[in-house]
Structures are given as structure tokens and as C-alpha cells.
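Participant: give me coordinates for this.
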Amino acid sequence: MDSAVMAMLAIGVAVGLGMLGPALALGLIGYSALQGIARNPEARGPIFTNMILVAGLAEAIGIYVLIVAIILAMIV
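Facilitator: Residues are numbered from 1 along each chain as shown. Here you go, the predicted structure:
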């Protein structure tokens, strides 16, 4: 394998590992929000609002990883 192939493989591995964090975070956020709503249905509004806010922040990390991967792919 030449160096360009190895660089692209390294970028792919970095993106895969980088996207793993936000994916797990979104799953845990949804699980915790549903569990909280099931325990206290009256607090649905504040729990849902906080869930959407934190999910957006977790999704932003995934977008940052994607942007870094695109920049690395352009440089290589």
C-alpha cells in the first residue's frame, strides 16, 4: 500500500472512532430521557427541552469530526 491509501485509511478510522462518541451519547441521552419521563410524567416538558439541548450539543461534536475528516482528506 502506498502512503495515500494509508492516509485515507487513517482518516476513516479516525472518523469511525470520532463518531462513536456522539452516537453513544445520543443513545444514552434518549434512554435517560425516556426513563426520566417514565418515572415522572409531569416533568415531561423540562426533560424534553433539556434532552433536545444536550442532543444538539452531542450532534455538534459529530459534525466537528466530519469537518476535520473532510479537511484531512483535502490535505492528503
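
Participant: can you give me the neighbour number for the residue lying closest to Glu59 once chain neighbours are set aside?
Facilitator: Once flanking residues are discounted, Glu59 sits nearest to Pro22: 6.3 Å by Cβ to Cβ, 6 or more residues apart in numbering. For the C-beta atoms, the positions are set from N, CA and C on the backbone; glycine is no exception. Per other Cβ atoms under 10 Å, the neighbour tally for Pro22 reads 19.

Participant: check Leu17 too.
Facilitator: Leu17 has 10 nearby residues by other Cβ under 10 Å.

Participant: list the buried ones in the one helix or strand Ala60 maps to?
Facilitator: Assessed by DSSP states H and E, Ala60 sits inside helix 44-75. Judged by neighbour count using 16 or more other Cβ atoms under 10 Å, the buried positions of helix 44-75 are 47, 51, 54-55, 58, 62, 65, 69.

Participant: pick the one among those closest to Ala14.
Facilitator: Proximity of those to Ala14, judged by Cβ to Cβ, is greatest for Ala69, which lies at 6.7 Å.

Participant: thought that closest one was touching Val15?
Facilitator: Yes. Under the contact definition of Cβ atoms under 8 Å, Ala69 touches Val15, with a separation of 4.4 Å.

Participant: who's in contact with the residue nearest to Glu59?
Facilitator: Listed by Cβ atoms under 8 Å, 6 or more residues apart in numbering, the contact set of Pro22 reads 58-59, 61-62, 65.

Participant: looking at those, spot the one nearest Ala7.
Facilitator: Nearest member of the contacts of Pro22 to Ala7, counting by Cβ to Cβ, is Val65, at 16.8 Å.

Participant: ok so, going back, who are the packing partners of the helix holding Ala60?
Facilitator: In this structure, helix 44-75 packs against helix 3-39, with contacts taken as 3 or more Cβ pairs under 8 Å, 6 or more residues apart in numbering; DSSP states H and E.
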